[in-house]
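[1] The following block contains a protein sequence and its predicted model.
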Amino acid sequence: MTKWPLRWTIPGIALVLVLLTELVLGAAALALLNRTLVGQIDSRLEEAIAVIEERPGTVLRAEGRSRRSDAVDALRPRSDVLVAVIRADGSVAQDLTLQLNDGRPVPEVTFRSDTADPYTSRAQGEAWRVLVRDVGGGGTTVAVLMPLRDPGAATTTLRQGIIVLGIAVAVLAAGLAAWATRRSLRPLGEAERTAAAIAQGDLSRRVPDYPRSTEAGSLAASLNVMIDRLHGALEQGEATQERLRRFVSDASHELRTPLAAILGYAELHRVGGDEKGDAVGRIEANAARMSDLVDDLLLLARSDEDASHLTADAEVDLAAVVSEAAADLRAQDPSRAVTVTHRGRCVVRGSSRHLAQVLANLAGNVLRYTPAGSAVELNVMREGATVTVTVRDHGPGFPAGDGERIFERFYRADDSRTRDTGGSGLGLAIVAAIVAAHGGTVAASDLGDGGQVSFSLPAASGE
């Protein structure tokens, strides 16, 4: 039956169970009815024999054993009861028997004297219920008997009724089971159709909602959750592939530019066209740029695989790191007014080298994208269990909507910037990767008269 669909298996089981139940109940009902009807016949036979036993005069007088005049004429109205008088030698007193039965013959049933209880005997293909008793104690016995036609007819009628009604009820039960099964399995059909649609690429399909209290409803809800996660994973995978393609394309372009410059200056030097003598210097500068770019790409690639190498378990005083970054910024552009403020003990756990790289990248962006001599404010403060560092400049700021995208790899807020003046577009991506590895967050905002980049890290425990 495991090869059959449930919409046929369950109605089939219901049909078989109902038929078996009705068979057992019908057999029990028939047995009980037959026993009841036979018991009623036995009661009538007991009543009839009791009358004879109370007034045995007619029987004994006919046998010459009594002169009493009491008779058993009261038996004659009992049309269903026949009386047979049996002599001591086992023969039937035909005249008296015919008289007691108004001339009706007694069938040739077996008269048993070894039992005082009613029994069944057959004669001429018909069943009779017989009761034999001794009358007067002289060997003369009287038998009373009734046909079993009425119980047989009632049993036959009941049997036919049980069969007809049983078949009707079984068919009705099977139909109800089929209807209930189809209704219950409807969510499975919806799930099947939804799965087929998803297999064909329609990821927007969902299984209709059903009550969660039902197995089908719980299954539908689980399938929808699974489909949502699958859809999200596919979208994330597609987005990752798109970012990977863009990353490879941008990286190839970034590397191609200094490589082309190196090849050009090398060719110029080879043919003797380097009149100014700066070809070797330009080759070295572009090679260094390629080296830095490769280092940045390697750092980001390793952070994608395992960010643990970007951090450490050392205590780092961010106030000192910010002060060092401010000193480097003043040294690179003495015309700038660089101010540093800090509040509280700003100690975090991590890698001092990589956290210094974060401040160096932020300072490099300030030097690269803001006017020379413009002021810069660096602030580090402790608020509860968080240490926040803010770098505020007074340059052109960030275009609207670029606050999140500036941390993407190779992203430039101004597409008109060249790679010579605008950098590789990896500086803030590295900042975001290092901060995330330390369990922190980074954000950027445009203030109208400049831009601000801040990052927050959890303070060292016990501080």
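    Received the coordinates, thanks. None of the values given here were measured: they were computed from a predicted structure.
[2] Now do the helix or strand that residue 301 is a member of, average pLDDT.
    In the assignment (DSSP states H and E), residue 301 maps to helix 279-305. Across helix 279-305, the average pLDDT comes to 75.
[3] what do you get for stretch 348-355?
    90.
[4] follow-up on the earlier one: show me what the helix holding residue 301 packs onto, helices and strands only.
    helix 215-270, helix 427-437 (3 or more Cβ pairs under 8 Å, 6 or more residues apart in numbering; DSSP states H and E). Using the backbone N, CA and C atoms, a C-beta is placed for each residue, glycine as well.
[5] If we use 6 Å, what do you get?
    Counting contacts by 3 or more Cβ pairs under 6 Å, 6 or more residues apart in numbering; DSSP states H and E, helix 279-305 packs against helix 215-270.
[6] now the angle from the helix it packs on to helix 427-437?
    140 degrees (axes from the mean of the first three to the mean of the last three Cα atoms, to 10 degrees).
[7] Numbering from 867 from now on, please.
    Sure, I'll start counting at 867 from here, so that last one is helix 1081-1136.
[8] Distance from helix 1081-1136 to the middle of the chain?
    Mean C-alpha position of helix 1081-1136 versus that of the full chain (Cα atoms, centre = their mean, to the nearest Å) differs by 33 Å.
[9] tilt between that helix and helix 1145-1171?
    Going by the same axes, to 10 degrees, helix 1081-1136 makes 170 degrees with helix 1145-1171.
[10] so what does helix 1081-1136 touch, helix or strand wise?
    Against helix 1081-1136 (3+ Cβ pairs under 6 Å, 6+ apart) you get helix 1052-1065, helix 1145-1171.
[11] Present those helices as JSON lines; the columns should include mean neighbour count.
    Putting the helices and strands packed on helix 1081-1136 into JSON lines (neighbours: other Cβ atoms under 10 Å) gives the following:
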{"stretch": "helix 1052-1065", "mean neighbour count": "15"}
{"stretch": "helix 1145-1171", "mean neighbour count": "15"}
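[12] Let me see the ranges of the helices in the stretch 1167-1316 of the chain.
    1184-1198, 1218-1235, 1285-1288, 1293-1303 (DSSP state H, counting those that start in this stretch).
[13] most neighbours per residue, which of the ones you listed?
    helix 1293-1303 (a mean of 22; mean count of other Cβ atoms under 10 Å).
[14] Show me the contact partners of that helix.
    1169, 1173, 1176-1177, 1220, 1224, 1227, 1231, 1272-1273, 1275, 1308, 1321 (Cβ atoms under 6 Å, 6 or more residues apart in numbering).
[15] Give me the mean pLDDT for that helix.
    Mean predicted confidence for helix 1293-1303 is 87.
[16] Stretch 1087-1096 now?
    78.
[17] Return the helix or strand in the chain with minimum mean pLDDT.
    helix 1285-1288 (a mean of 48; mean pLDDT, DSSP states H and E).
[18] Looking at the closest residue to residue 1229 other than its chain neighbours now. What's its pLDDT?
    Nearest residue to residue 1229, sequence neighbours excluded (Cβ to Cβ, 6 or more residues apart in numbering): residue 1195, at 4.7 Å. pLDDT, residue 1195: 87.
[19] Against residue 1222, how distant is residue 1195?
    13 Å (Cβ to Cβ, to the nearest Å).
[20] got it, and residue 1049?
    Applying Cβ to Cβ to residue 1049 and residue 1222 gives a distance of 69 Å.
[21] ok, now residue 894?
    Taking Cβ to Cβ, one finds residue 894 at 94 Å from residue 1222.
[22] How about the secondary structure of the closest residue to residue 972 other than its chain neighbours?
    Of all residues not flanking residue 972 in the chain, residue 950 sits nearest, at 4.6 Å (Cβ to Cβ, 6+ apart). With DSSP: H, G, I helix; E, B strand; the rest coil as the basis, residue 950 sits in strand.
[23] how deep is residue 950 tucked in, by neighbour count?
    By other Cβ atoms under 10 Å, the residues close to residue 950 number 23.
[24] residues contacting it?
    Contacts of residue 950 by Cβ under 6 Å, 6+ apart are 958, 963, 972, 1009.
[25] In helices, which of those appear?
    Mapping those onto helices (DSSP state H) picks out residue 963.
[26] Residue 1160: which of the contacts of residue 950 is nearest?
    residue 1009 (123.5 Å; Cβ to Cβ).
[27] Mind listing the residues bridging to the closest one?
    Under DSSP bridges, the beta-bridge partners of residue 1009 are residue 950, residue 998.
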